[in-house]
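**Student:** Please work out how this folds:
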Amino acid sequence: MQFTGICEPGEFSSTGLSPCTPCEKGMFQNKPMSQQCIQCPNGLTTPFSGSTDANNCTREFEFTNFQSGEDFTVIF
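**Tutor:** Residues are numbered from 1 along each chain as shown. Predicted coordinates:
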């Protein structure tokens with residue numbers, strides 16, 4: 001019998017077992033062995049993929065540095 005690992009919080013798969021995929025940015029999963037991730041509430045996102053808690057969902061704002069012309073994102 002071969003042991004298969006479970007998906008950890010922040011990951012999912014169609015069976016909840018490995019191989020697992022990290023939750024995409026803007027989603028989270030706080031339970032192991034999950035088959036899907038949970039979308040952050042409207043207007044919120046996560047700063048990284050693989051988020052494990054709804055508290056990771058924050059507002060994201062994009063700004064342009066007018067001196068350099070570069071765009072950057074601030075998440076808080």
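
**Student:** can you tell me which residues contact the nearest residue to Asp53 once chain neighbours are set aside?
**Tutor:** Excluding the flanking residues, the one nearest Asp53 by CB to CB, 6 or more residues apart in numbering is Asn30, at 5.5 Å. From N, CA and C alone the C-beta is placed, and that goes for glycine too. With contacts defined as CB atoms under 8 Å, 6 or more residues apart in numbering, the neighbours of Asn30 are Pro9, Ile38, Thr52, Asp53, Ala54.

**Student:** And the last one, how close does it get to Cys23?
**Tutor:** Looking back up the chat, that one is Ala54. With distances defined as CB to CB, to the nearest Å, the gap from Ala54 to Cys23 amounts to 12 Å.

**Student:** cool, and the second one?
**Tutor:** Computed with CB to CB, the distance linking Ile38 and Cys23 is 8 Å.

**Student:** can you list the weak-confidence ranges in this protein?
**Tutor:** Within the chain, the segments meeting pLDDT under 70 span 1-3, 61-76.

**Student:** Burial check on Gln35, number of neighbours?
**Tutor:** Applying the criterion other CB atoms under 10 Å, we find 12 residues in the vicinity of Gln35.

**Student:** tell me the contacts of it?
**Tutor:** Contact criterion CB under 8 Å, 6+ apart gives Phe12, Ser13, Ser14, Thr15, Gly16 as the residues in contact with Gln35.

**Student:** which two in these are spaced the farthest apart?
**Tutor:** Greatest spacing in the contacts of Gln35, by CB to CB: Phe12 and Thr15 (9.7 Å).

**Student:** So the two - more neighbours on which side?
**Tutor:** Neighbours per residue (other CB under 10 Å) separate Phe12 from Thr15, with Phe12 holding more: 23 against 13.
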